[in-house]
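>>> got a sequence here, can you model it:
(2 chains)
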Amino acid sequence: MSDEVLLRATDIVKSFTSRGKKLGERSVATAVNGVSLEVLRGETLGIVGESGCGKSTLARCLVQLLPVTSGTVEFNGTTLTGLSRRQLRPHRREMQLVFQDPYASLNPRRTVGDIVADPLRVNKVGSDDEIAHRVRDLFVTVGLDPASIRRYPHEFSGGQRQRIGIARSLALNPSLVVADEPVSALDVSVQAQVLNLMADLQETFNLTYLFIAHDLGVVRHVSDRVGVMYLGEVVELGEADALYDAPYHPYTEALLSVVPELNDTDAPRRERIIISGDVPDPSDRPTGCAFHPRCPAATDECRSDKPAFIELTPGRFVACHHPRNVAS
Amino acid sequence: MPDEPVATDAVLSVRDLKVSFATRQGELRAVDGLSFDVGAKEVLGIVGESGSGKSVAMYSMLGLVRDSNVTISGSVRFEGREILGLSDKEMEGIRGGDVGMIFQDPMTALTPVYTVGWQIVEQIRAHSDMTKAQAMARAVELLGEVGIPNPASRVHQYPHEFSGGMRQRVVIAMALSCNPKLLIADEPTTALDVTTQAQILDLMEKLQQSYGSSIVIITHDMGVIAEMADRVVVMYAGRPCEIGPEIDVVRRPRHPYTWGLLGAVPRVDSKNQRLVTIPGTSVSPLDVPEGCAFAPRCEYKMALCDQRPELHGPRDHQDACWLSDEQRVAIRSAPVGEAS
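Residues are numbered from 1 along each chain as shown, chains lettered A, B, ... in the order given. Okay, here's the model as predicted:
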């Protein structure tokens, strides 16, 4: 990991407008509400949050699959927001995606060899022979038998399909790989294989990962730094071990406390903090801090004033009026 | 252990349960020799990866597998009474009455076209002679017990008006409506977020204490097992490979598959090194080896593994593996290297 910023997002907002409940009414759901973050070259930045917190929308905005409502995304020193599709093309090669569902993200009517060759063909990289050679290399790289390139996706298991998706993402030698829940559809033993493979590939190709998942254990395992999202906002961000060992934000603290633990040592179990209620509707955001209706420590200040996202201790950012576990 | 005497206080006693399906590709053995007891007020966890047969085992013993190509054998005793092979009518008296069920997806477990109150009332009236008004009053009381705010008004709402966690609470209220002696929960929190999962697990624990039901919880998540279960059955390819008290299985696992399963879980409480992986993928249930089902993926495979190991070991913590105790100690105490 270096200190070089590969991707910088500044105050990203993404909202979706839909028909409201009444005729003629419009309802605006803010899926991402002012997110700023930096991804350093060579690191894995994990983004964790519950369903509906906007983590996938954020990823799509960062790689310009969705136009942002406001805010800027800089990649490798170039501002991507506002570029035309044609202008974006050379940058897209540098940012590739791995998707959650290895069943839905591979075209069932094409051979897996063609699927992996697609990015190369679209970008006209090399002759047919060179492409075929490269595809075979990629299969070996991700641990698949190159003899299987003429097969179809349905002939592979979930874990193997995810390897195919990873091979496709690596075809153009990207510098950034955005993986959106890459292992959540897999059984735990297969999940471990894919996570280990991704770690090996990162080392071999000096990849930068933006790793999005809801599983807190997986995120800690893969990440150098972690951002925690709640209702479209990053509420806490910092170095993975420090954040997991001493969460500042009450939401992070509650989230970590309720993950079922294996309890295989005599160490006392983290006390469970069960937060009541459900995540609010993103089209009807609470005033002040978005978490205040469910927060055990909420005060009047939290109900009226939105806390700023500040660097509380070096490298640790949090948006909370009453941060916890801060060593003084 | 088909010959073993049935524990007298067991609410549910399963012996040598086998479920197979005749398919064009041959016999598919989904469950192959499963035996366990669930004691009074005990929480038994059944853990396994997809395709291990954990759900099929439960559904088949409740008469919910209606495939005409299925063959079910063995013995399932509920409160001492054999329930395998009972008629539909007799089973209907048991399901939803003395045996409550909680399913994975609360949206498909509830019908979208009736209010939740209607659905709870229907279930109560099927198993008791309450009047509609009494049953509705009970439904409101149940919704309150499972932590739904304003139960008196929400009882008249439809499932789509509830969030995922709230829907699962409704399903739990339904399952509890007839004071079941046994609750079967199939992946009850898999579809839920972790904070909602915590709410539901907490609720199940509280209700288990107040209702005194035994629970069988089926899950793929070792963490959920560790939080909830008193005893655990680990299943692989339709067969039990380890059974024992939760704390022993988690802290002193005996079977190589359990070692892999536990080592593969990325931890929240500490940064682990490289994850342990189990090479390959689960065997196809069409093609389970005659010997140990796990042998093709096992690092410690020996010649003996061509024969099928039976569950053996101390009475309360058994496993199906040919490794001797000395071999296991040697393997487990070796420095943790990289699993291939």
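
>>> quick one, what contacts residue 153?
Assuming you mean chain A. Going by Cβ atoms under 8 Å, 6 or more residues apart in numbering or on different chains, A:Pro153 touches A:Tyr103, A:Leu106, A:Asn107, A:Pro108, A:Val112, A:Ile115, A:Arg161, A:Ile164. C-beta: built from backbone N, CA, C; applies to glycine.

>>> 6 Å - rerun?
Applying Cβ atoms under 6 Å, 6 or more residues apart in numbering or on different chains to A:Pro153 gives the contacts A:Leu106, A:Pro108, A:Arg161.

>>> relative to A:Pro102, how far out is the second one?
Noted for A:Pro108: a distance of 12 Å to A:Pro102, by Cβ to Cβ, to the nearest Å.

>>> so between these two, which is more surrounded?
Neighbour tally, A:Pro108 and A:Pro102, criterion other Cβ atoms under 10 Å in any protein chain shown: the higher count belongs to A:Pro102, 25 against 9.

>>> hmm, A:Gln162 and the more buried one touching each other?
Yes: A:Pro102 is in contact with A:Gln162 according to Cβ atoms under 6 Å; the separation is 4.4 Å.

>>> if we can go back for a sec, between the contacts of A:Pro153, which is nearest chain B?
The shortest approach to chain B among the contacts of A:Pro153 belongs to A:Arg161, at 11.2 Å (Cβ to the nearest Cβ).

>>> so of the contacts of A:Pro153, which ones are in helices?
Among the contacts of A:Pro153, the ones falling in helices (DSSP state H) are A:Arg161.

>>> can you lay out the contacts of A:Pro153 as JSON lines showing pLDDT and distance to A:Glu130?
As requested, the contacts of A:Pro153 are exported to JSON lines (pLDDT from 0 to 100; distance: Cβ to Cβ, whole Å):
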{"residue": "A:Leu106", "pLDDT": "94", "distance to A:Glu130": "23"}
{"residue": "A:Pro108", "pLDDT": "93", "distance to A:Glu130": "27"}
{"residue": "A:Arg161", "pLDDT": "93", "distance to A:Glu130": "25"}
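
>>> CSV for the contacts of A:Pro153, including distance to A:Glu25?
What follows is the contacts of A:Pro153, written out as CSV (distance: Cβ to Cβ, whole Å):
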residue, distance to A:Glu25
A:Leu106, 40
A:Pro108, 41
A:Arg161, 43
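
>>> looking at the contacts of A:Pro153, spot the one nearest B:Leu44.
A:Arg161 (33.9 Å; Cβ to Cβ).

>>> for that closest one, grab the count of nearby residues.
Using other Cβ under 10 Å, A:Arg161 has 22 other residues around it.

>>> and B:Pro112, by the same measure?
Using other Cβ under 10 Å, B:Pro112 is surrounded by 9 other residues.

>>> show me what contacts it?
Counted by Cβ under 6 Å, 6+ apart, B:Pro112 has contacts B:Pro159.

>>> pLDDT score for it?
At B:Pro112, the model reports a pLDDT of 93.

>>> what's the distance between the nearest residue to B:Arg95 once chain neighbours are set aside and chain A?
Excluding the flanking residues, the one nearest B:Arg95 by Cβ to Cβ, 6 or more residues apart in numbering or on different chains is B:Leu62, at 5.8 Å. Separation of B:Leu62 from chain A (Cβ to the nearest Cβ, to the nearest Å) stands at 25 Å.

>>> and for B:Met235?
For B:Met235, the distance to chain A - Cβ to the nearest Cβ - is 13 Å.

>>> contacts only, for B:Ile218.
By Cβ under 6 Å, 6+ apart, the neighbours of B:Ile218 are B:Ile46, B:Lys54, B:Ser55, B:Asp186.

>>> what's the helix or strand for A:Pro119?
Applying DSSP states H and E as the criterion places A:Pro119 in helix A:112-122.

>>> what is the mean pLDDT for the helix or strand immediately after that helix in the chain?
Following helix A:112-122 in sequence order, the next helix or strand is helix A:128-141 (DSSP H and E). For helix A:128-141, mean pLDDT is 95.

>>> show me the contacts for residue 279.
In the absence of a named chain, this looks at chain A. A:Val279 neighbours (Cβ under 6 Å, 6+ apart): A:Gly52.

>>> sorry, should have said chain B
B:Pro279 neighbours (Cβ under 6 Å, 6+ apart): B:Arg297.

>>> on the three-state scheme, it is what?
The assignment at B:Pro279 comes out as coil when based on DSSP: H, G, I helix; E, B strand; the rest coil.

>>> so what's the residue count around the closest residue to A:Glu74 other than its chain neighbours?
Leaving aside its chain neighbours, A:Glu74 sits nearest to A:Arg8 (4.4 Å; criterion: Cβ to Cβ, 6+ apart). Other residues lying near A:Arg8 total 18 when counted by other Cβ under 10 Å.

>>> repeat for B:Thr131
Neighbours around B:Thr131, by other Cβ under 10 Å: 10.

>>> backbone phi and psi for it, please?
The phi and psi values for B:Thr131, taken as degrees, to the nearest 10, are phi -80, psi 170.

>>> thinking again about what came up before, local confidence estimate at the residue nearest to B:Arg95?
The score at B:Leu62 is 91. That number is its pLDDT.

>>> what do you get for the one 5 residues further on?
In the predicted model, B:Asp67 carries a pLDDT score of 87.

>>> now it: how far from chain A?
Distance from B:Asp67 to chain A, by Cβ to the nearest Cβ: 23 Å.

>>> assign that residue to helix, strand or coil.
Going by three-state DSSP: B:Asp67 is coil.

>>> setting aside sequence neighbours, what's the nearest residue to it?
Closest to B:Asp67 by Cβ to Cβ, 6+ apart is B:Phe21, at 6.2 Å.

>>> the one you found bridge partners, please.
B:Leu28, B:Val70 (DSSP bridges).

>>> roughly how far does A:Tyr230 sit from A:Ser51?
Here the criterion is Cβ to Cβ. By it, A:Tyr230 lies 12 Å from A:Ser51.

>>> again, but for B:Met130
Taking Cβ to Cβ as the measure, B:Met130 falls 38 Å from A:Ser51.

>>> is chain B contacted by the biggest helix by length in chain A?
The helix that spans the most residues within chain A, counting by DSSP H, is helix A:188-205. Yes: shown here: helix A:188-205 in contact with chain B (Cβ under 6 Å from any Cβ of the partner chain) through A:Val188, A:Ser189, A:Ala192, A:Gln193, A:Leu195, A:Asn196.

>>> now the residue in chain B positioned nearest to chain A. Nearest residue, chain neighbours left out?
Residue of chain B nearest chain A, by Cβ to the nearest Cβ: B:Gly223 (3.0 Å). Excluding the flanking residues, the one nearest B:Gly223 by Cβ to Cβ, 6+ apart is A:Pro260, at 3.0 Å.

>>> so who does residue 251 touch?
All of this refers to chain A. Contacts for A:Tyr251 (Cβ under 6 Å, 6+ apart) come out as A:Tyr230, A:Val235, A:Phe291.

>>> wrong one, chain B
So B:Arg251 contacts A:Asp264 (Cβ under 6 Å, 6+ apart).

>>> give me the neighbour count for the residue lying closest to A:Ser184 once chain neighbours are set aside.
With Cβ to Cβ, 6+ apart as the criterion, A:Ser184 has its nearest non-adjacent residue at 5.9 Å, and that residue is A:Gln100. Residues lying near A:Gln100 (other Cβ under 10 Å) number 20.
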